[in-house]
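Return a 3D structure for these sequence lines:
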Amino acid sequence: MKLQVTQENFNHALNSVARIADTHGTLPILANVLIKAEKNRLSVAATNLNIGITHFVGAKIESGGAITVPAGLLASFISSLPGGVIELELENKKLKITTDQYNSTINGISAEDFPVMPAIESGETLTFNAADLKKGLQQVAFTASSTDSRPVLSGVFFHSLEGKLFIVATDSSRLAEKTINVKVPKIELLVPASAMNDLLRILDDEVKEIKIVKDEQQALFSFGDVELVTRLIDSTYPNYKPLIPTKSSVKATLKRADLLNIVKVSSLFARETAGSITIEVNEADQNVKIKSLASQLGENNAQAPAKVAGSGSITLNSRFLIDGINAFSGEELVFSFNSNLEPVLLKDPKATDYVHVIMPLKA
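Predicted coordinates for the structure are as follows:
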């Protein structure tokens with residue numbers, strides 16, 4: 001293998017794939033990236049056996065070949081080089097990297113030992129607007145469970161209904177649902193949230209379109225010069241619709257920035273109570289009040305003006321509420337609930353494509 005590639009393109013590809021290399025696994029080769037030269041382009045790939053990312057880069061290929069080298073070392077080294085042309089040459093499982101100022105060698109492991117994610121030979125293909133999908137994942141993926149105690153809750157659920165695509169995630173303490181108005185065939189796809197977070201990390205704003213190809217076990221997300229393959233979660237997603245309130249007896253509409261500010265300040269006094277804050281919605285005063293108490297630090301009371309119908313109080317996890325508020329971008333937010341034992345519903349009064357639900361804590 002012998003080729004020339006620009007530092008900028010090679011560095012971009014390594015940044016896309018190197019983070020998923022498994023440096024703590026039992027297979028040492030999983031800590032490596034696969035460098036492969038063929039047909040006038042260079043491919044850079046990594047996998048942790050559940051997710052695989054391949055980034056293709058234009059290069060001047062003199063001779064083809066492949067090798068795997070430590071992901072962390074290669075990514076750090078290439079990012080430290082000045083811009084310009086880099087020459088890569090493979091000799092006896094050693095990758096020689098040459099520039100005008102540097103001449104370095106990194107020991108590798110044969111590419112034949114590198115595990116490859118099974119190819120999706122055939123399957124259903126879906127095409128989405130990249131900006132819409134990215135926005136939906138940003139609003140939803142963070143609410144999935146971060147543990148594998150219930151694998152079904154560690155996934156992001158894609159499903160279609162009446163010509164619309166729904167993206168959903170929940171960890172049982174909170175739930176988010178995004179609706180995208182796009183005609184799609186009937187689909188049910190449960191993808192690990194970790195894979196969707198990697199997709200968000202490498203998805204550039206310049207990308208216009210994303211294609212998804214799926215079979216029974218895997219899904220391939222492809223855009224531009226990047227391919228991400230992930231194993232699917234083999235489980236039936238719970239019927240989450242009944243968890244989304246359709247009516248509320250207590251409703252407050254206020255500026256999103258105002259609510260975010262009083263919640264953030266109140267959370268500072270809620271560290272002793274695992275982030276617990278009590279929110280009181282008062283129709284008579286037309287405001288939202290938040291109380292937080294820390295026996296060692298003191299207590300805090302904060303309030304913000306609101307348009308209020310109905311009165312009541314509820315206790316929530318402040319971090320979950322901050323995350324939920326940050327998922328919206330509109331100027332105003334509707335905060336509503338029925339009782340202190342039922343979930344809170346957050347929504348934008350001018351948009352119906354996103355809802356966020358947070359379960360209450362015991363007062």
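
And the pLDDT at the residue sitting furthest away from the middle of the chain?
Here the chain reaches farthest from its C-alpha mean at residue 284, the gap being 41.2 Å by Cα atoms, centre = their mean. We have a pLDDT of 96 for residue 284.

repeat for the one 5 residues further on
The predicted structure scores residue 289 at 96 on the pLDDT scale.

Enumerate the beta-bridge partners assigned to it.
residue 280, residue 303 (DSSP bridges).

quick one: it and residue 280 touch, right?
Yes. Shown here, residue 289 and residue 280 form a contact pair, counting by Cβ atoms under 8 Å, at 4.4 Å. From N, CA and C alone the C-beta is placed, and that goes for glycine too.

Surely residue 282 and residue 290 touch.
No. Applying Cβ under 8 Å, one finds residue 282 not in contact with residue 290, separated by 11.7 Å.

which one of the two has more residues nearby?
Neighbours around residue 282 and residue 290, counted as other Cβ atoms under 10 Å, are more numerous at residue 290. The numbers are 25 against 18.

For the more buried one, which non-adjacent residue is spatially closest?
residue 266 (4.4 Å; Cβ to Cβ, 6 or more residues apart in numbering).

which residues make contact with stretch 119-136 from outside it?
165, 167, 178, 180, 182, 184-185, 187, 200, 203, 205, 207-215, 218-220, 223, 229 (Cβ atoms under 8 Å, 6 or more residues apart in numbering).

What are the structural domain limits within the protein?
Here the domain parsing of the chain from automatic domain parsing is 2-113, 124-241, 244-358.

Can you give me the end-to-end span of the last one?
The one in question is domain 244-358. Start and end residues of domain 244-358 are separated by 10 Å (Cα to Cα, to the nearest Å).

What's the local residue count around residue 59?
Residue 59 sits with 20 neighbouring residues when counted by other Cβ under 10 Å.

List the residues that contact residue 337.
245, 248, 249, 250, 312, 314, 343, 344, 345, 360.

same thing but 10 Å
By Cβ atoms under 10 Å, 6 or more residues apart in numbering, the residues touching residue 337 are 245, 248-252, 279, 281, 310, 312-314, 316, 343-345, 357-358, 360.

For the nearest residue to it once chain neighbours are set aside, give the beta-bridge partners.
The shortest distance from residue 337 to any non-neighbouring residue, by Cβ to Cβ, 6+ apart, is to residue 344 (4.6 Å). Residue 344 has these beta-bridge partners by DSSP bridges: residue 358.

Unless I'm misreading it, residue 56 sits right up against residue 35, doesn't it?
No. Look at residue 56 against residue 35 with Cβ atoms under 10 Å: they stay out of range, at 11.9 Å.

These two: which is more packed in?
Remark: of residue 56 and residue 35, residue 35 carries more neighbours, 27 against 18, as counted by other Cβ under 10 Å.

From residue 280, how far out is the residue nearest to the residue farthest from the centre of the chain when sequence neighbours are not counted?
Computed as Cβ to Cβ, 6+ apart, the closest residue to residue 284 that is not its neighbour in sequence is residue 311, at 7.1 Å. For residue 311, the distance to residue 280 (Cβ to Cβ, to the nearest Å) stands at 8 Å.

Would you mind listing the residues touching both of those two?
Common contact partners of residue 311 and residue 280 (Cβ under 10 Å, 6+ apart): residue 250.

beta partners for residue 298?
residue 294.

Check the one 10 residues further on too.
Note on residue 308: beta-bridge partners residue 252, judged by DSSP bridges.

pLDDT score assigned to it?
pLDDT, residue 308: 98.

do the same with the one 5 residues further on
Each residue has a pLDDT score; the one for residue 313 is 96.

just the one 4 residues further on next, same as before
If you check residue 317, the pLDDT there is 95.

what does residue 54 give?
The model's pLDDT for residue 54 equals 96.
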